[in-house]
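**Q** A structural model of the following input is requested.
(chains A and B)
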Amino acid sequence: MQRSHWIGAGFLASALVLTSCTSGPAGVDAKQNSKAPLELWTRTTPGGPGEKGTLKLAAAFQKATGFKVKVTAIFDDFETKLQQRAAQKNLPDIVMNDVTQLGAMHSQGLLREIDLDRIKSADQLIGQGLDSGKSVDGKQFGLPYSAQASALLIRKDWREKLKLEVPQSWDDFSAMASAFTTEDPDGDGKKNTFGLAAPLSTKRGYASWYFSNFLWAAGGDFITESGNGTYKPAMTTKASLEAVRWFRDLGCENKVIQPGAVTMETPPTNETFEAGRTGMFVVGPYLLPRFDETLGKDKYEVVPMPKGPKDATVLAEGASVYLMAGSENRAGQDAFADFAVSAEGQKIGMQGDTGFTVQLPVNKTVDISEVRPDPRWNTYAEAYRDSGRYAPSIPNWTPVRQTTAETVNALMADCDLDTEAKLGELDKQLADILKEQGIAAS
Amino acid sequence: MSLDQADPAAPAAAGPAAPKSGGQAGGGAAGRRRSNRRAGRWWTPWLFLAPALLLFLYFKFIPMANALTMSFQDVQPYLGSSWVGTENYSTVLHSEGFREAAWHTVVLAAGQTAGSMALGLALALLMEGQGRRLGFIRSAAFLPVVVPIAVVAELWRIMYHPTEDGMLNGILGLVGFGPSGFINDPDTSMASIMVTGIWRGAPYDMMIFLAGLTSVDRGLYEAAKVDGASRTQRVWHVTVPGLRSVFSILFILAAIRGLRVFTEVFLLTNGGPDGSTEVVMTLIYKLGLEQNRLGVGAAGAVLLFLATLILTIVVHLLRRRESK
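**A** Next up, the predicted model:
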């Protein structure tokens, strides 16, 4: 018995030692083979309309160029699964994922630099879209294929019942939110409606993501560039402070944000708008198909965000094509990136009522009103073109978004906190993050 | 023909082979062979264990060893990780966020453990017995354990709705209390999550208590009753000491469950509002998987593992000393 114990233990121990020593040098340049099928990962629900849209795009690409593509849709823990493949030194050839993932993937050496000379359609790309694919050192590591920006959704029937105009300023916005909260816009005699729907949970940094629309319109900023690719924290500037105070008053003083917002992520927040509990929602165009179905197209309208103290800047986001390192078919990678941003690829990506992969086109030659005659999409396209602003390209944006989300969440959850002191603490945390990423202004 | 007759040597062989002493003087080679045939080779048990061990190896021990390695590295899977010594540990231990999360975890674990055990015991005492209807009631009471935690969290989120028309706030309103924010208010969020945990954990504890109660000697109750002990005295002086071993097992199980609490916090509040419910597991998730700082996250995970291990060993030692 003793002997067998020892043998078993020895077997386990040696297996553990062997398997834990897995780190090695980065993969060397792979031998090229233009016939090799391209493995494409996209961050969307498997079996959902997003996957169908990507399959359609891949099929059109295959037909146009002859390169073979195998599409894999992954939604949950996309980044974790990518890390696992990175550990095996066997990355997919192409990844279609959020613009803000660029820094994280680039700093880990997962991306191959894109040579714009090989992308024929590159000169047709909208400037700010192209810029969103640049890393902190100005090199191109992503090519956006879809863009989106925020606009304001309003319950049209409520607004008309209370005889209110579409808000043009922040004062109008507050006034409408208050009216929706106190004047019983749904006419059921109960005090059960609220002005603004807001996902203010810290999950994936939602609170920060939502608040950025207001922060930037006030002229404030999370971090500001101070030359040579260095940044400094900016949450205690006058403009930032004003934006936080104004937004906080919506929740703490006027109480016009839906109850429970501080623990809500996007799905329950969407439901408050669908269920007629909230009357305004600042959100991207991807929810239109859903709200058309659940709420009805005639019940709500899409308008540009009202001007803030500075302007009407809104958060622009989108998704990029990333060409992954170590691919054995770089020619195929380039061809796909080119196809995805070309006029043809963009039009294919926009087809369908739900299964589209392109929200707003990034190619200047594509007119959205031709593909989608619905004027609401044009409102979004204008918001993106005129007032859209991306999060800055820094090595890793996620910690900035997470930390700012935690502070916004805290200030909205506890109305007794001292705004200025809390933002001071936040600036210190941001300074540490910038220092850790090596981009702090001295 | 009976089986006994088929192998007349069997009972005779069982005699010398049964006591497993090494120094069998008269056994000889034939005896040893016979004993081997009965007891099998040394590797027989390992062969039976192999499938489970292989699964454990690949899905438990290797990831654990990897986590331990990663906790000493700056993890960059593609570029190659570099060793950074104990830097990740010092980052974790010096961060105020981790210390706060550790404190919240301890508070939550202690509260949920005590609450679940108290409620579980109360339920067990109420539902002890043989009645036919009791079976149904017990199954009903056990339901929270069977329901998936994601459903439980969604259920409680609805019940905790922070306005007057919320379910629990409606009840509070009936007895004249104002609407509570529950999970949305930093002052009450921790207690709210604790209540959810107790609601889910108590029926599990109840089942184990019920099993333990059957082993308490009925005669002791009779004797105590004859001696004039009240109902409370009987519970306190007969039932509770009789359940001592059940208590310690439940304590270990509940404490481990409490330290590793994740899903209900993640789904109900994700550590908010204002970080008031941040526990070690949600913090590790954020560091490792959301912010891509796998090394720092792994260091946190190893620390949590050590804390759980130490707690288990301490409880085990205390039990052993007590039983002596």
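**Q** Can you pull the residues of the stretch 251-400 of chain A lying near chain B?
**A** Proximity of the stretch 251-400 of chain A to chain B is confined to A:259-263, A:265, A:268, A:325-326, A:396, A:398-399 under the rule CB under 8 Å from any CB of the partner chain. Any C-beta I mention is one placed from the backbone N, CA and C, and that applies to glycine too.
**Q** In chain A, where's the longest strand?
**A** The strand that spans the most residues within chain A, counting by DSSP state E, is strand A:314-323.
**Q** For that one, which helices and strands make contact with it?
**A** Strand A:314-323 sits against strand A:94-98, helix A:102-107, strand A:143-149, helix A:206-217, helix A:330-341, strand A:388-389, with contacts defined as 3 or more CB pairs under 8 Å, 6 or more residues apart in numbering or on different chains; DSSP states H and E.
**Q** Which of the ones you listed comes out lowest on mean pLDDT?
**A** Ranked by mean pLDDT, those bottom out at helix A:102-107, with a mean of 87.
**Q** distance of the residue positioned nearest the centre of chain B from residue B:116?
**A** Geometric centre of chain B, nearest residue: residue B:253, 3.0 Å, by CA atoms, centre = their mean. Using CB to CB, to the nearest Å, residue B:253 is found at 10 Å from residue B:116.
**Q** Now do the same contact list for the residue of the stretch 101-250 of chain B at minimum distance from chain A.
**A** Nearest residue of the stretch 101-250 of chain B to chain A (CB to the nearest CB) works out as residue B:162 at 4.4 Å. Residue B:162 makes contact with A:259-260, B:169, B:179-182, B:184-185, according to CB atoms under 8 Å, 6 or more residues apart in numbering or on different chains.
**Q** And the pLDDT for it?
**A** The score at residue B:162 is 89. That number is its pLDDT.
**Q** Can you classify it as helix, strand or coil?
**A** coil (DSSP: H, G, I helix; E, B strand; the rest coil).
**Q** hey, where'd the strands end up in the stretch 1-150 of chain B?
**A** Assigned by DSSP state E, counting those that start in this stretch, the stretch 1-150 of chain B shows strands spanning B:73-74, B:82-83.
**Q** Apologies, that question was intended for chain A.
**A** Using DSSP E, the strands found in chain A span residues A:38-43, A:69-74, A:94-98, A:143-149, A:151-155, A:194-197, A:223-225, A:231-233, A:278-283, A:300-303, A:314-323, A:388-389.
**Q** what residue ranges in the chain score low on pLDDT?
**A** No chain was given, so I picked chain A. Within chain A, the segments meeting pLDDT under 70 span A:1-29.
**Q** that's the wrong chain, I wanted chain B
**A** Scanning chain B for pLDDT under 70 picks out B:1-40, B:324.
**Q** Tell me which residue of it lies closest to chain A.
**A** Nearest to chain A, among the residues of chain B, is residue B:273, at 3.0 Å (CB to the nearest CB).
**Q** ok so that residue is a strand residue?
**A** No. Residue B:273 is assigned coil when assessed by three-state DSSP, not a strand.
**Q** quick one on the thing from earlier: please convert the helices and strands packed on strand A:314-323 to a markdown table, extending it with mean neighbour count.
**A** Formatted as a markdown table, these follow (neighbours: other CB atoms under 10 Å in any protein chain shown):
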| stretch | mean neighbour count |
| --- | --- |
| strand A:94-98 | 22 |
| helix A:102-107 | 23 |
| strand A:143-149 | 27 |
| helix A:206-217 | 25 |
| helix A:330-341 | 24 |
| strand A:388-389 | 22 |
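**Q** In space, what's closest to the residue of chain B closest to chain A - neighbours in sequence excluded?
**A** residue A:413 (3.0 Å; CB to CB, 6 or more residues apart in numbering or on different chains).
**Q** Repeat that for residue A:255.
**A** Nearest one to residue A:255, counting by CB to CB, 6+ apart, is residue A:181 at 6.9 Å.
**Q** close enough to count as contact, the residue nearest to residue B:273 and residue B:186?
**A** Yes. Using CB atoms under 8 Å, residue A:413 is in contact with residue B:186, at 5.5 Å.
**Q** Could you name every residue contacting both of the two?
**A** By CB under 8 Å, 6+ apart, the residues touching both residue A:413 and residue B:186 are B:273-274, B:276.
**Q** top of these by neighbour count?
**A** Within the shared contacts of residue A:413 and residue B:186, most neighbours by other CB atoms under 10 Å in any protein chain shown means residue B:273, with 30 neighbours.
**Q** Identify the residues contacting it.
**A** By CB under 8 Å, 6+ apart, the contact set of residue B:273 is A:262-263, A:409-410, A:412-414, B:183-186, B:189.
**Q** Count the residues that sit near residue 86.
**A** No chain specified, so I'll use chain A. Neighbour tally, residue A:86, other CB under 10 Å: 23.
**Q** Chain B, not that one
**A** The local packing of residue B:86 (other CB under 10 Å) involves 11 other residues.
**Q** Setting aside sequence-adjacent positions, which residue approaches it most closely?
**A** residue B:72 (7.1 Å).
**Q** still on that earlier bit, same drill for residue A:413 and residue B:186, tell me which one is more crowded.
**A** More neighbours surround residue A:413 than the other of residue A:413 and residue B:186, with 27 against 22 (other CB under 10 Å).
**Q** show me what contacts that one?
**A** Taking CB under 8 Å, 6+ apart, we find residue A:413 in contact with A:262, B:184-186, B:272-274, B:276.
**Q** Quick check: phi and psi at the residue of the stretch 101-250 of chain B closest to chain A.
**A** Phi and psi for residue B:162, reported as degrees, to the nearest 10, are phi -80, psi 10.
**Q** can you count the residues close to the closest residue to residue A:147 other than its chain neighbours?
**A** Take residue A:147 and drop its neighbours on the chain: the residue closest to it by CB to CB, 6+ apart is residue A:318, 3.9 Å away. For residue A:318, the tally of surrounding residues (other CB under 10 Å) stands at 26.
**Q** And residue A:318, how far from residue A:130?
**A** Distance, residue A:318 to residue A:130, by CB to CB: 11 Å.
**Q** if I look at those two, which residues touch both of them?
**A** By CB under 8 Å, 6+ apart, the residues touching both residue A:318 and residue A:130 are residue A:144.
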